[in-house]
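Q: coords below, sequence missing:
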């Protein structure tokens, strides 16, 4: 099964910036695909961060609105997350997700292993 590949995480001070990348390796045939970012901090549930839909629309969690951006180039093979004004509360493992609607109508979800973001005060 295809595993997405995230990169770009790291350790920064509060107020800093990072740019996460997610690459779809190989060939995944989709009639449409929505790309999203989720995050999970230790002891907490995984939470939605942002989505770039197949049609180019973007959605953000309230907690990151105005600070995080998904560039709308909507490349089939990659998606990015630009994170500005980072806060200690943003410290999490960040996961890339692709919901791929296959030509038979079935939606398959793909995930990556995650990339760690640590923000110090």
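A: Noted; the coordinates are in hand. Treat the numbers as computed from the prediction; the structure is a model and nothing was measured. Numbering: from 1, shown residues only.
Q: wait, isn't residue 13 in contact with residue 90?
A: No - assessed by CB atoms under 8 Å, residue 13 is found out of contact with residue 90, at 11.8 Å. For glycine as for every other residue, the C-beta is placed from the backbone atoms N, C-alpha and C.
Q: Identify the contacts common to these two.
A: By CB atoms under 8 Å, 6 or more residues apart in numbering, residue 13 and residue 90 have these common neighbours: residue 119.
Q: Look at the two and report which has more neighbours.
A: Neighbour tally, residue 13 and residue 90, criterion other CB atoms under 10 Å: the higher count belongs to residue 90, 22 against 10.
Q: Just the pLDDT at the residue lying closest to the more buried one once chain neighbours are set aside, thanks.
A: Spatial nearest neighbour of residue 90, excluding adjacent residues (CB to CB, 6 or more residues apart in numbering): residue 119 at 5.2 Å. Here the pLDDT value assigned to residue 119 is 98.
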